[in-house]
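Enquirer: Build the 3D model from these lines:
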Amino acid sequence: MLRGVISFLSILVLSIPVTPLNALANDNPNVKSIAPGDPAMAKAHEKSKRELDDFLEKLRNPPPGTENYSIKLGFTDKAEGVALTIDDVTPNVEYMWVYQIKASGDDFTALLGDTPEYIHNIKHDDRVEFKKSDIFDWLYIENGKMKGNYTVCPLLLAGPKEQLEQYREILGIACD
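Expert: As a prediction, the model looks like this:
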């Protein structure tokens, strides 16, 4: 089930660069761009932050019927390696999901679940260390329906209405 959900979401929007829309020379149709400071994305991130402690409690002690816990982080290249950011007005940030999360207090390690499109100093399945304060969004599956992943809504709401309805039906995504 995890591979199917992750593959399905990868096609949708797992990798979301925040860049000026005209700055991407090689557009990938599977990667959606959001302008820095987008109000709908900022609102989605705030909702994710409000519910983060509940998500982390479930991550540490998963209730029956839940699986596939993932966290979205914002990556930027630096001279060596990458830096993490939750600043949604910073250009050239690529938001990607991590999985197989291990928690120790407010410190975490996980594996990068995406293949970066624009960030060059990290690759799929690299181990990532991060803090609670680095978390941009989160998701898990409960009884076959997605919980969290609030930052997908600004992307879906900007697309075709039929697509939004399809994702609502299949994954239980609820966008305001």
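Enquirer: shaky segments in the protein?
Expert: 1-33, 176 (pLDDT under 70).
Enquirer: rerun at 50
Expert: With pLDDT under 50 as the threshold, the chain has low-confidence stretches at 1-28.
Enquirer: Residue 96 pairs with what?
Expert: When bridges are called by DSSP bridges, residue 96 pairs up with residue 73.
Enquirer: quick one: it and residue 160, what's the gap?
Expert: When C-beta to C-beta, to the nearest Å is the yardstick, residue 96 and residue 160 sit 24 Å from each other. (C-beta placed from N, C-alpha, C; glycine too.)
Enquirer: With residue 171 instead?
Expert: Relative to residue 160, and taking C-beta to C-beta, residue 171 is found at 16 Å.
Enquirer: Grab the nearest non-local neighbour of residue 142.
Expert: Nearest non-adjacent residue to residue 142, counting by C-beta to C-beta, 6 or more residues apart in numbering: residue 66, 4.9 Å away.
Enquirer: wait, the one you found sits on residue 139?
Expert: No: the pair residue 66 and residue 139 fails to qualify as a contact (C-beta atoms under 8 Å) at a distance of 10.8 Å.
Enquirer: what sits against the residue positioned nearest the centre of the chain?
Expert: Central residue check for the chain by C-alpha atoms, centre = their mean: the C-alpha nearest the mean position is that of residue 72, 3.3 Å away. Counting by C-beta atoms under 8 Å, 6 or more residues apart in numbering, residue 72 makes contact with 95-98, 135-139, 149, 151.
Enquirer: Now, those residues that are in helices?
Expert: Counting by DSSP state H, none of the members of the contacts of residue 72 fall within helices.
Enquirer: Same list (those) but as CSV, adding neighbour count and distance to residue 55.
Expert: CSV is the format used below for these (neighbours: other C-beta atoms under 10 Å; distance: C-beta to C-beta, whole Å):
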residue, neighbour count, distance to residue 55
95, 24, 17
96, 25, 18
97, 24, 14
98, 22, 14
135, 23, 9
136, 25, 12
137, 26, 10
138, 25, 5
139, 23, 8
149, 23, 11
151, 25, 14
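Enquirer: mind giving me a markdown table with those residues and columns for distance to residue 83?
Expert: Written out in a markdown table, the entries for those read as follows (distance: C-beta to C-beta, whole Å):
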| residue | distance to residue 83 |
| --- | --- |
| 95 | 13 |
| 96 | 13 |
| 97 | 18 |
| 98 | 15 |
| 135 | 15 |
| 136 | 13 |
| 137 | 18 |
| 138 | 20 |
| 139 | 23 |
| 149 | 23 |
| 151 | 19 |
